[in-house]
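# sequence and predicted model, in that order:
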Amino acid sequence: MNTTLTPADLDPRRQAMLLYFQGYRVARIAEMLGEKVATVHSWKKRDKWGDYGPLDQMQLTTAARYCQLIMKEQKEGKDFKEIDLLARQSERHARIGKFNDGGNEADLNPKVANRNKGPRRQPEKNVFTDEQTEKLEEIFRNGMFEYQRHWWQAGVKHRIRNLLKSRQIGATYFFAREALIDAITTGRNQIFLSASKAQAHVFKQYIIDFAKEVDVELKGDPMTLSNGACLYFLGTNARTAQSYHGNLYLDEYFWIPKFQELRKVASGMAIHKKWRQTYFSTPSSLTHSAYPFWSGALFNRGRAKADKVDIDLTHGNLARGVLCPDGQYRQIVTVEDAVRGGCNLFDLDQLRMEYSPDEYQNLLMCEFIDDLASVFPLSELQACMVDSWEVWADFQALALRPFGWREVWIGYDPAKGTPER
């Protein structure tokens with residue numbers, strides 16, 4: 001019989017308890033030790049053997065065997081191995097006891113406590129796998145209307161794209177997606193300028209939503225991709241941001257005050273030949289400072305007569321997109337062009353009823369307003385404009401009440417001279 005019996009000269013009461021822990025019945029223990037059954041029953045009751053839990057039994061049994069081997073004078077190799085095993089078991093029992101007394105997983109497994117030690121590698125942010133990139137490109141290609149495909153092809157061939165467009169035909173949406181694809185696949189920076197910081201953040205939201213289609217959550221302002229490409233979202237304060245460089249997207253530029261001053265700085269961000277520039281806008285006024293840039297008059301300024309260019313700005317000439325003599329690719333896309341190009345988002349008959357002929361031509365057919373005879377020319381009104389996100393320190397654009405509980409003007413009647421509150 002293989003038991004853990006200790007030498008006969010050891011305490012029989014202790015031997016009886018260890019045998020009880022092994023599962024022997026009291027009668028059998030009494031027989032093995034040569035004791036009366038009543039005596040062993042008395043030991044069991046007085047020493048409360050039944051109250052010892054599994055961990056207590058393991059600790060007492062291990063300790064008894066450990067002491068036995070330690071006191072052995074002539075130890076063999078197997079004794080040293082068993083002593084080491086018993087010591088490690090005792091340490092494990094101590095960890096279990098600490099865990100049972102309200103500890104945590106680290107008490108059971110020291111590696112858990114050590115795994116957070118030392119410098120930790122920060123997880124990469126804004127990462128796209130090859131599979132996610134391929135999926136984005138597929139979504140991008142399959143989601144284009146015909147006129148947007150022309151824009152994309154022009155961006156591959158030409159350095160400068162200058163587009164006059166109808167409202168709500170998906171230009172900002174398209175160029176946000178194009179820019180993200182370019183940033184991922186080429187590592188080039190992308191710079192987004194708009195008439196206001198709020199409009200620039202429309203680009204940002206479109207990009208975030210596009211990335212979510214392949215389960216990537218983009219963060220940061222600017223956004224920095226894992227390949228080093230940065231995406232910057234700026235308002236018209238870009239005149240102070242000359243250190244940026246990358247592909248330039250300038251949105252609604254016909255509504256930006258002092259456009260020529262801004263463009264001089266902004267175009268400098270894309271001065272290297274590897275960067276491209278994209279300007280797109282709905283039309284505003286013929287007197288706007290951006291009109292010479294569109295018409296080619298700005299190109300001709302200061303040049304010899306032989307070097308000046310004459311650009312045909314008619315819709316018939318630019319509807320399909322043309323590389324003009326000043327090096328710019330120009331295109332006009334009206335709402336009717338968009339419908340012919342596959343955009344099924346409009347009911348043209350309904351729009352003609354909703355807008356006056358002049359409004360329809362300006363908003364949707366890319367015709368400029370001639371405001372020379374207006375009481376308030378656009379140039380004067382623009383002098384009153386301000387980018388609230390950039391200038392107003394007491395204005396929280398994303399708050400439920402951006403101005404708190406203070407009074408604000410909602411209109412002004414020059415005839416009365418009194419603001420409406």
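It's in.
# residue closest to the middle of this structure?
Residue closest to the mean C-alpha point of the chain, counted by C-alpha atoms, centre = their mean, is residue 218 at 1.4 Å.
# how is this protein carved up into domains?
According to automatic domain parsing, the chain comprises the domains 12-111, 130-373.
# okay, now the closest residue to residue 137 other than its chain neighbours: neighbour count?
Once flanking residues are discounted, residue 137 sits nearest to residue 181: 6.1 Å by C-beta to C-beta, 6 or more residues apart in numbering. Heads up, the C-betas are built off the backbone N, CA and C, glycines and all. Using other C-beta atoms under 10 Å, the number of residues around residue 181 comes to 18.
# quick check: the gap between residue 181 and residue 167.
For residue 181, the distance to residue 167 (C-beta to C-beta, to the nearest Å) stands at 25 Å.
# now the helices for the stretch 151-300 of the chain?
Taking DSSP state H, counting those that start in this stretch to define them, one finds helices in the stretch 151-300 of the chain at 171-186, 197-212, 259-268, 291-295, 297-300.
# any idea of the angle the first one forms with helix 197-212?
This points to helix 171-186. Orientation check (axes from the mean of the first three to the mean of the last three C-alpha atoms, to 10 degrees): helix 171-186 against helix 197-212 gives 60 degrees.
# what packs against helix 171-186?
Under the contact criterion of 3 or more C-beta pairs under 8 Å, 6 or more residues apart in numbering; DSSP states H and E, helix 171-186 touches helix 130-142, helix 146-157, strand 190-193, helix 197-212, strand 230-234, strand 247-251, strand 277-281.
# could you pull out the buried residues of that helix?
171-184 (16 or more other C-beta atoms under 10 Å).
# check these and tell me the two furthest apart.
The span of the buried residues of helix 171-186, defined through C-beta to C-beta, is set by 171 and 184 at 20.7 Å.
# where does pLDDT dip in this protein?
1-9, 102-121, 237-242, 371-391, 397-398, 411-421 (pLDDT under 70).
# most tightly packed of the domains of the chain?
domain 130-373 (a mean of 17; mean count of other C-beta atoms under 10 Å).
# chain center to it, what's the gap?
The chain centroid and the centroid of domain 130-373 are separated by 24 Å under C-alpha atoms, centre = their mean, to the nearest Å.
# out of the helices and strands packed on helix 171-186, which gets nearest to residue 353?
The nearest among the helices and strands packed on helix 171-186, by C-beta to C-beta, is helix 146-157 at 24.8 Å.
# what does that closest one contact?
Here helix 146-157 makes contact (C-beta atoms under 8 Å, 6 or more residues apart in numbering) with 144, 161, 163, 169-171, 174-175, 178, 276, 278, 320-321, 329, 331, 333, 337-338, 340-343.
# so who does the residue nearest to residue 137 touch?
Applying C-beta under 8 Å, 6+ apart, we find residue 181 in contact with 136-137, 140.
# kindly report the same for residue 228.
Residue 228 neighbours (C-beta under 8 Å, 6+ apart): residue 187.
# distance of it relative to residue 292?
Taking C-beta to C-beta, one finds residue 228 at 37 Å from residue 292.
# what's the helix or strand for residue 73?
Assigned by DSSP states H and E, residue 73 falls within no helix or strand.
# ok, now how distant is it from residue 265?
92 Å.
# also residue 400?
Distance from residue 400 to residue 265, by C-beta to C-beta: 36 Å.
# then residue 58?
77 Å.
# now do residue 305
29 Å.
# for residue 293, same thing?
With distances taken as C-beta to C-beta, residue 293 is found 14 Å from residue 265.
# could I get the full set of helices for the stretch 1-150 of the chain?
Counting by DSSP H, counting those that start in this stretch, the helices of the stretch 1-150 of the chain are 12-21, 26-33, 37-47, 54-70, 77-100, 105-108, 110-114, 130-142, 146-157.
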